[in-house]
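>>> quick one, fold the following:
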Amino acid sequence: MKIGILQAGHSPDELRDSVGDYGEMFTRLLDGHGFDFQIFSVVDGEFPSGTEDADGWLITGSKHGAYEDHDWIPPLETLIRDIRDAGQPLVGVCFGHQIIAQALGGKVEKFDGGWSVGRTEYDFGDQTMALNAWHQDQVVDLPEGAEIIASTDFCANAAMMIGDKILTIQPHPEFTAPLVAGLIEHRGRGNVPDTLLNAAEDALSTATDNAKFADKMAAILKG
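Sure, this is the predicted structure:
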């Protein structure tokens with residue numbers, strides 16, 4: 001089964017040699033599930049010719065906001081709607097979560113409550129999962145038909161299902177402790193309050209549920 005990864009941003013230059021780019025992080029996360037991957041760097045204007053180029057799709061995170069004025073965002077929103085209309089599976093993470101919500105009629109804003117960074121526990125109803133967060137933007141209005149499947153007191157709309165083919169999540173199951181440490185150093189200091197960064201540093205050695213959530217992603221992508 002071929003999964004098209006729609007890469008909406010790049011990892012920091014300082015970290016790319018050690019951790020890879022965002023698309024590569026997902027190929028590692030989903031390794032062992034029997035997928036073949038093709039990465040389309042949509043942030044650089046590289047798009048598939050159509051939905052037939054893959055059997056399922058995944059949209060990565062990005063430093064950009066879904067509401068920002070970039071040439072590649074409108075065609076990405078069109079592609080999201082085409083994927084939905086084709087009945088193909090689709091997973092979105094962080095920016096991917098937000099742009100799917102926006103493309104399908106929801107709303108994304110820069111959250112006035114500030115940032116969420118580092119290991120965070122999410123309530124999935126029947127279980128709690130710990131995943132690494134790195135965001136200020138949030139989905140504030142849901143698209144039609146969306147069901148919230150995970151939340152925190154800080155992020156009410158942390159994960160959602162739209163029908164049985166679209167899964168989106170605000171935190172990053174692909175983010176490892178070394179990557180979060182690098183983000184703190186290269187994208188955090190001076191942008192995110194030190195109290196949040198220090199707490200995220202303190203939690204770097206505590207396990208997350210990346211593999212467990214990867215299984216959920218793979219199940220959706222396999223239909």
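>>> quick check, residue 64 in contact with residue 10.
No: the criterion here is CB atoms under 8 Å, and residue 64 misses it with residue 10 at 10.4 Å. No exception for glycine: its C-beta is placed from N, CA and C like everyone else's.
>>> who touches both of the two?
Residues touching both residue 64 and residue 10 (CB atoms under 8 Å, 6 or more residues apart in numbering) are residue 43.
>>> centre-most residue in this structure?
The structure's the chain has its C-alpha centroid closest to residue 93; by CA atoms, centre = their mean the separation is 1.4 Å.
>>> for that one, grab phi and psi.
phi -120, psi 130 (degrees, to the nearest 10).
>>> mind checking how far it is from residue 193?
Using CB to CB, to the nearest Å, residue 93 is found at 24 Å from residue 193.
>>> likewise residue 12?
Counting by CB to CB, the gap from residue 12 to residue 193 is 19 Å.
>>> list the buried residues for the worst-scoring helix or strand of the chain on mean pLDDT?
One helix or strand of the chain scores below all others by mean pLDDT, DSSP states H and E: helix 16-19, with a mean of 88. Residues of helix 16-19 classed as buried: residue 19 (neighbour count, 16 or more other CB atoms under 10 Å).
>>> and whichever helix or strand comes after it, what does it pack onto?
Sequence-wise, the next helix or strand downstream of helix 16-19 (DSSP states H and E) is helix 22-29. Other helices and strands packing on helix 22-29, by 3 or more CB pairs under 8 Å, 6 or more residues apart in numbering; DSSP states H and E, are strand 2-6, strand 36-40, helix 210-221.
>>> so what's residue 135 bridging to?
For residue 135, the beta-bridge partners under DSSP bridges are residue 116.
>>> how many residues are close by it?
19 (other CB atoms under 10 Å).
>>> need the pLDDT of it.
What the model reports as pLDDT for residue 135 is 96.
>>> ok, it to residue 113 distance?
Distance, residue 135 to residue 113, using CB to CB: 11 Å.
>>> quick one on the thing from earlier: could you list every helix and strand in contact with the least confident helix or strand of the chain?
With contacts defined as 3+ CB pairs under 8 Å, 6+ apart, helix 16-19 has these neighbours: helix 177-183.
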